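Q: model the structure of this input:
(chains A and B)
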Amino acid sequence: MMSKIVRTITNILYSSILIFGFYIIMHGHLTPGGGFQGGAVVASGIALVLIAYGYDTAKDWIKKSNLSILESIGGLAFIGVAFLGIGTTFFYNFLANSGTLFGNPTVIGINPGDLNTAGVLPLMSWAVGLKVLAGLGSIILLMAYGIKKGDEK
Amino acid sequence: MIEEIIQIVVLLIIIVTAIMAVSFKDLLAAVISLAATSLLLSLEFYILQAPDVAIAEAGIGAALTTAIFILAIKGTVREEEI
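A: Residues are numbered from 1 along each chain as shown, chains lettered A, B, ... in the order given. Purely as a prediction, here's the structure:
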């Protein structure tokens, strides 16, 4: 538990950091960044809350079991989406230019970018992003837990 | 020309903060210096037109390692208080 100044700044910044991280993941196929970078930004938001409020308060909001489930979902979704294109090849981009989800044809030339393009790449970005944010979040959470255990001894 | 001057200034501040990180006796101040080094390094990556690497460096180097170091320092006691 840190001072009131740190906690107030955390309350203001936490949602902005999370939204920025998810924005980086969502726009992984258009702008710089992708699953790993966005996941790292979200995990830094989790670390901010853990440091500002301490392990005892933050463990009610960030649960290890939820992070484990999220990490498993990320890994399984990545492999599952890759296997969905097995009719042609592994990792085949079967959604690109199909007209359905993320299926718009890519615009040629200088343009602001269409979010609804690139086929399975945004799904892959989300899978990687969930896995990275859950993995790095668990590392920080277990680090805080181990230090609390060390204090009790 | 202006770009080279900005790069030289940023790199000099990186070196200064890195030396500060090694020479500080206070561990928390050293960790903050290390975070400043990482943040300026990500700025340098951005100037060198690698925004992808810059985001990764800012997320991992400046935020997460600082958090882990601060958590580790919270688990220790100062030498004067023993």
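
Q: chain A contacts on chain B?
A: Contacts of chain B with chain A, taken as Cβ under 8 Å from any Cβ of the partner chain, map to B:51-52, B:54-56, B:59-60, B:63-64, B:67-68, B:70-72, B:74-75. Bear in mind the C-beta positions are built from the backbone N, C-alpha and C, glycine included.

Q: and chain A, which residues reach chain B?
A: Counting by Cβ under 8 Å from any Cβ, chain A sits next to chain B at A:24, A:32-34, A:36-37, A:40-41, A:43-44, A:47-48, A:50-51, A:136, A:139-140, A:143-144, A:146-147, A:150-151.

Q: and the residues of chain B next to chain A, which are buried?
A: Those of these that meet the buried threshold are B:52, B:54-56, B:59-60, B:63-64, B:67-68, B:70-71, B:74, by 16 or more other Cβ atoms under 10 Å in any protein chain shown.

Q: reformat these as TSV; add pLDDT, distance to A:Gly109 and secondary structure.
A: Shown next, in TSV, are these (pLDDT from 0 to 100; distance: Cβ to Cβ, whole Å; DSSP: H, G, I helix; E, B strand; the rest coil):
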residue	pLDDT	distance to A:Gly109	secondary structure
B:Asp52	89	22	helix
B:Ala54	90	26	helix
B:Ile55	88	26	helix
B:Ala56	88	29	helix
B:Gly59	86	31	helix
B:Ile60	88	34	helix
B:Ala63	85	36	helix
B:Leu64	88	38	helix
B:Ala67	86	42	helix
B:Ile68	87	44	helix
B:Ile70	85	47	helix
B:Leu71	83	48	helix
B:Lys74	80	53	helix
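
Q: which of those residues sits closest to B:Leu11?
A: Nearest to B:Leu11 among these is B:Ala54, at 15.0 Å by Cβ to Cβ.

Q: give the contact list for that closest one.
A: Residues near B:Ala54 by Cβ atoms under 8 Å, 6 or more residues apart in numbering or on different chains: A:Pro32, B:Ser42, B:Leu43, B:Phe45, B:Tyr46.

Q: which helices and strands sit right next to the longest helix seen in chain A?
A: Taking DSSP state H as the criterion, chain A has its longest helix at helix A:121-152. With contacts taken as 3 or more Cβ pairs under 8 Å, 6 or more residues apart in numbering or on different chains; DSSP states H and E, helix A:121-152 sits against helix A:4-26, helix A:35-58, helix A:64-84, helix B:65-74.

Q: for chain B, give me the ranges with low pLDDT.
A: For chain B, residues meeting the criterion pLDDT under 70 lie at B:81-82.
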